[in-house]
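*Asks:* A predicted structure for the sequence below; I have some questions about it.
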Amino acid sequence: MQISKQIGVMFAAAALAAVCILGGCQNSAGKATQAGSPEVAVVEVKPERVAITTELPGRTSAYLLAEVRPQVGGIIQKRMFTEGAEVKAGEVLYQIDPATYQAAYDSAKAQLARAEANISTTRVRAERYKELVEIKAVSRQEYDDAAAALKQAEADIEAGKAAVETARINLAYTRVTAPITGRIGRSSVTVGALVMANQGVPIATIQQIDPVYVDVTQSSASLLQLQESLSKGALKRDSANRARVKLILEDNTVYPQEGALQFQDVTVDPTTGSFILRAIFPNPKRVLLPGMFVRAVLEEGVSEKALLVPQQGVSRDPKGNPLALIVDTEGKVQQRTLTLDRPIGDKWLVSAGLAPGDRVIVEGVQKVRPGSSVKVIPFGEAKGADGKTAAPAAAKSN
């Protein structure tokens, strides 16, 4: 009997547990049904005033570049500069052996002195014959010969002066000077080396790198698009109509000095479909060196009514077309195909597909489908699993 009672109690307890479990499942299902539509975080699209920029690759180049070559030949006697140092225009860089050029200069001066000494007697003879030919004391032929000799002597003096100046210039060229002010590189010759006049290989190179040029390439198609936007009023330039330029260096740091766009080339490269833009940057600390790879950020203009959406609110279909899900006035999800212009920070600049006031879903996209009803929560106020308000994405990153 006791065994039978115990078995009955066990069956009763099992039945009660089963009823509780079923009741719990029904309650959970009821709660799930009562939960309603899924929550999504949205961002309302509003027109903004945005500076439109373009990032282009480029390289730095010297503001002034001078290749030093000797104007006369000879043996290098001295080198008078330190490689890599700053030199000033007119500063002596090399001394070429001047012995032969000094001798040529002295010889030219002697020839000039001889010509000047001979002209005295020739001039006196010509003047005397001029008086004598009037009284027919000498023949006209003798007078003509004396006058011609005077002119010949005068010509010899002028030729002597030219020879002296040429010899002086060649002698001065034995002191090779800096044509510009700037930083000089390594020397390609040493003391004792033989150099030739106007040789093909420079013996040194001087570069002025403050300021410095930055040459970047831009496609002609993007230029046409920019000109169309400016003509339609979608973009506006500043009062000076000059585009400002910023630099991003090879280590992704931003160069502290701001530059200005100086000119754009008038010829498009037919092989690449691009043209050259040149900007100029101050370089007082010599951070920028010629040949460095940089990225130039050009301000093309200002869009007064730009539409920006967070990049996390844009997805792609299998063909790569950009898509966004929005919530309409009835609380239902709609899908929009977008036309994207360019990224600006962590957002996309949208040129077509959205209108001011549209609410773009940026969180909870994986939980909804087009046509489904959702509960809208402003972005940054979505609740986490613990029931607390989640911090905005920007705050989380900090």
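*Replies:* Okay, I see it. Residues are numbered from 1 along each chain as shown.

*Asks:* alpha carbons only for contacts and neighbour counts from here, please
*Replies:* Will do.

*Asks:* Gly301 bridge partners, please.
*Replies:* Taking DSSP bridges as the rule, Gly301 bridges to Ile52.

*Asks:* tally of neighbours for it?
*Replies:* 22 (other Cα atoms under 10 Å).

*Asks:* Correct me if wrong: it contacts Arg244.
*Replies:* No: Gly301 lies out of contact with Arg244 (Cα atoms under 8 Å); the separation is 9.5 Å.

*Asks:* so what's Glu86 up against?
*Replies:* Counting by Cα atoms under 8 Å, 6 or more residues apart in numbering, Glu86 touches Thr181, Gly182, Arg183, Ile184.

*Asks:* In terms of pLDDT, where does the last one sit?
*Replies:* Residue-level confidence at Ile184 comes out at 94, pLDDT.

*Asks:* What's the separation between it and Gln208?
*Replies:* 9 Å (Cα to Cα, to the nearest Å).

*Asks:* of those two, who's got more company?
*Replies:* Under the criterion of other Cα under 10 Å, the comparison of Ile184 against Gln208 puts Ile184 first, with 26 against 21.

*Asks:* Identify the bridge partners of that one.
*Replies:* Ile206.

*Asks:* mind listing the helices for the protein?
*Replies:* Secondary structure of the chain by DSSP state H: the helices cover 2-35, 99-134, 140-172, 220-232, 393-397.

*Asks:* per-stretch mean pLDDT over those, give me the minimum one.
*Replies:* helix 393-397 has the lowest average pLDDT among the helices of the chain, namely a mean of 39.

*Asks:* can you pull the contacts of Arg359?
*Replies:* Val42, Val43, Glu44, Val45, Ile326, Val327, Asp328.

*Asks:* show me what contacts the residue nearest to it when sequence neighbours are not counted?
*Replies:* Nearest non-adjacent residue to Arg359, counting by Cα to Cα, 6 or more residues apart in numbering: Glu44, 4.4 Å away. For Glu44, the contact set (Cα under 8 Å, 6+ apart) comprises Pro356, Gly357, Asp358, Arg359, Val360.

*Asks:* what pairs with the residue lying closest to Phe379 once chain neighbours are set aside across the strands?
*Replies:* What sits nearest to Phe379 in space, not counting adjacent residues and going by Cα to Cα, 6+ apart, is Ala41, at 4.6 Å. Using DSSP bridges, the bridge partners assigned to Ala41 are Glu363, Ile377.

*Asks:* measure the residue nearest to Arg359 to Pro38 for me?
*Replies:* 19 Å.

*Asks:* before we move on, what about Pro370?
*Replies:* When Pro370 is compared with Pro38 (using Cα to Cα), they lie 13 Å apart.

*Asks:* Dig out what Val294 forms beta bridges with.
*Replies:* Gly58.

*Asks:* quick one: contacts for it?
*Replies:* Counting by Cα under 8 Å, 6+ apart, Val294 has contacts Pro57, Gly58, Arg59, Thr60, Leu247, Ile248, Leu249, Glu250.

*Asks:* Run through the bridge partners of the residue nearest the centre of the chain.
*Replies:* With distances taken as Cα atoms, centre = their mean, the residue of the chain nearest its centroid is Val214 (3.8 Å). Val214 has these beta-bridge partners by DSSP bridges: Thr60, Ala279.

*Asks:* quick one: contacts for it?
*Replies:* Counted by Cα under 8 Å, 6+ apart, Val214 has contacts Gly58, Arg59, Thr60, Ser61, Arg278, Ala279, Ile280, Phe281.

*Asks:* 6 Å - rerun?
*Replies:* Residues near Val214 by Cα atoms under 6 Å, 6 or more residues apart in numbering: Arg59, Thr60, Arg278, Ala279.

*Asks:* for Arg369, same thing?
*Replies:* No contacts exist for Arg369 under Cα under 6 Å, 6+ apart.

*Asks:* Quick check: closest non-adjacent residue to Lys305.
*Replies:* Pro47 (4.6 Å).

*Asks:* gap between that neighbour and Val376?
*Replies:* 21 Å.

*Asks:* same deal with Val138?
*Replies:* 127 Å.

*Asks:* These two: which is more packed in?
*Replies:* Val376 (19 against 15).

*Asks:* which non-adjacent residue is nearest the more buried one?
*Replies:* Nearest to Val376 is Val40, by Cα to Cα, 6+ apart, at 5.4 Å.

*Asks:* Other residues contacting stretch 273-289?
*Replies:* By Cα under 6 Å, 6+ apart, the list of residues contacting stretch 273-289 from outside reads 210-220, 259-265, 268.

*Asks:* For PyMOL, what selects the buried ones among the residues you listed?
*Replies:* Buried subset of these, written as a PyMOL selection, criterion 16 or more other Cα atoms under 10 Å:
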select buried, resi 210+211+212+213+214+215+216+217+218+220+259+260+261
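
*Asks:* If I look at the closest residue in space to Lys367 that isn't next to it in sequence, what pLDDT would I see?
*Replies:* Closest residue to Lys367 apart from its sequence neighbours, by Cα to Cα, 6+ apart: Pro38 at 7.1 Å. Looking at Pro38, its pLDDT is 84.
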